[in-house]
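Undergrad: Sequence and predicted structure below; questions after.
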Amino acid sequence: MSSPSPAPAAISQLTYEALRDAVGGQAAAFRWRRKLQPAGGPGDKVFPPTFAGAVYAVEKRRIPGRQDAVTCVLLDSVQSQANRMEQALQEAVDSEEISLPLVEVDFGPAFKEGKLVEDVGRITSLEAPHRLADAILRDSEYKEADGRLVPFRDSSVGKPINDASPRNATPIYQLCPTALLFGMWDSTGPKGGLGAKFERAVVSEVIGADAAFGVRVSSRIDPLITATADIIVYKRADGAWTPFIEQAAKDKNGKPVSYGKKGKLSEANLGNVLPTFSTYQKGASGPDPLRDGEEARQGAIAPGGVTFDYALQTTTLSLAVLRRLAFPDGGARTPARDLAGRVALAALGLFAACAALEPGLALRSRCALVPCERGSWELVEGPEARPVLVSAETARGILERATAAAAEVGLRWSDAPVVLTPSKELLDAAAKSQGSAREGKEADRDEG
């Protein structure tokens, strides 16, 4: 007679005490997995991010319940998911739902003074691509108590970053704790490639499982201008376009300057566009899912959208990574201080994930996903995983207790942001970029 199967682990509500015990114990990670479908329903086409040359990220993966590896397509990358969590944190800070240390560069005064074409506003360490190590922060200045403007990384607030490391994570915790969650490499700081590296503790990704690839077509019917073959457009001196050659600006050789690249009316977004298939662009490289076994090549018809069995989102918060972080005070470490810092970071990671990912995902145009099952968190302890209930509201309450407990042992977060002023060089580069964008010279950007 076979022995009865073990009863499933009871689902428990996560508390501050339970989180502290998990971080201070041997648990490996929290993880969250759920399936999603397009907002339009199963079988509706969605559009993945494109990479160089309009190529999708396609690969074979092993999927639970399937004997053979299946074709999967990346719907949202680890980096993009991290950005969505940081955006959720920024919104929570702006609405005063949570308190979080921020370093921000304020471009507003420069715009008011006419140094920028467009108002950038503020860019915070939650929005800068490389977080605390980003060049936007590095090339800005901090106003010291005596009124001097000092480069951020040479200032009294920024200089401690130069000596940060996983064994001295205190400066990062106090200025930008999200860098300890989502990763950072201080590769352009004073130490160059030897700058501090912090690996990701939070990793999240969305894929489409068992994907089938479609094509995309584009066309336009212009109600005003239908015959365009014999119309050439020129650039005027004021930057506008004209169909009259006598109004055209002249180049250094006295020849009329075409508008756009080839002087076609379509450069001014006018005229009919015959129905055409989307194609791979310059720089295309990678597997071509429309032609199994072939490489993507410029000019070939490219995939346009996918359908799939389901989308799978997997999010993990590694407690093992957090345990590598130490938070000394003037060089002296204590177990209580290290644990307090790690617990606060774990609570912040759980809140960020819940706040960003619970409702569903609007990833990009024509890629909205909704849950087709209730997401569930698990605490992974050795070979077993124990279900735990965690919501954004629960995680926020735990975060408040965790940061208060860390403050009691000297690890405090600042309520006021560190405000920086953009340097002249940074403003000049931004103004030149904005001017080029207005003239239609902005470089192509891949999604994702």
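TA: That came in fine, so what should we check first?

Undergrad: can you dump the C-alpha coordinates of stretch 106-118 into PDB?
TA: Taking Å, rounded to 0.1, in the frame of the first residue of the first chain, the C-alpha atoms of stretch 106-118 are listed here in PDB:
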ATOM      1  CA  ASP A 106      16.400  69.400 -12.300                       C
ATOM      2  CA  PHE A 107      16.400  70.700 -15.900                       C
ATOM      3  CA  GLY A 108      13.500  73.100 -15.300                       C
ATOM      4  CA  PRO A 109      15.600  76.300 -14.600                       C
ATOM      5  CA  ALA A 110      17.700  75.700 -17.800                       C
ATOM      6  CA  PHE A 111      14.500  75.500 -19.900                       C
ATOM      7  CA  LYS A 112      13.100  78.700 -18.400                       C
ATOM      8  CA  GLU A 113      16.500  80.400 -19.200                       C
ATOM      9  CA  GLY A 114      16.200  79.200 -22.800                       C
ATOM     10  CA  LYS A 115      19.100  76.800 -22.700                       C
ATOM     11  CA  LEU A 116      16.900  73.900 -23.800                       C
ATOM     12  CA  VAL A 117      14.400  73.500 -26.600                       C
ATOM     13  CA  GLU A 118      12.100  71.200 -24.700                       C
END
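
Undergrad: Tell me how many other residues crowd the nearest residue to Val70 once chain neighbours are set aside.
TA: Residue nearest to Val70 in three dimensions, not counting chain neighbours: Asp210, with 4.5 Å by CB to CB, 6 or more residues apart in numbering. The way it works is simple: take the backbone N, C-alpha and C, and place the C-beta from them, glycine included. When neighbours are counted by other CB atoms under 10 Å, Asp210 registers 15.

Undergrad: wait, isn't Asp210 in contact with Val73?
TA: No. Between Asp210 and Val73 there is no contact under CB atoms under 8 Å: 9.8 Å.

Undergrad: for the stretch 251-400 of the chain, what spans make up the strands?
TA: 273-277, 303-307, 310-318, 361-364, 367-371, 376-381, 384-389 (DSSP state E, counting those that start in this stretch).

Undergrad: Check what pLDDT Thr228 gets.
TA: The score at Thr228 is 62. That number is its pLDDT.

Undergrad: Same check on the one 5 residues further on?
TA: pLDDT for Val233: 92.

Undergrad: contacting residues around it?
TA: When contacts are counted by CB atoms under 8 Å, 6 or more residues apart in numbering, Val233 touches 241-243, 258-260, 263-265, 267-268.

Undergrad: Pretty sure Tyr56 sits against Thr71.
TA: No. Judged on CB under 8 Å, Tyr56 makes no contact with Thr71 at a distance of 10.7 Å.

Undergrad: So these two - more neighbours on which side?
TA: Of the pair Tyr56 and Thr71, Tyr56 is the one with more neighbours under other CB under 10 Å, namely 26 against 19.
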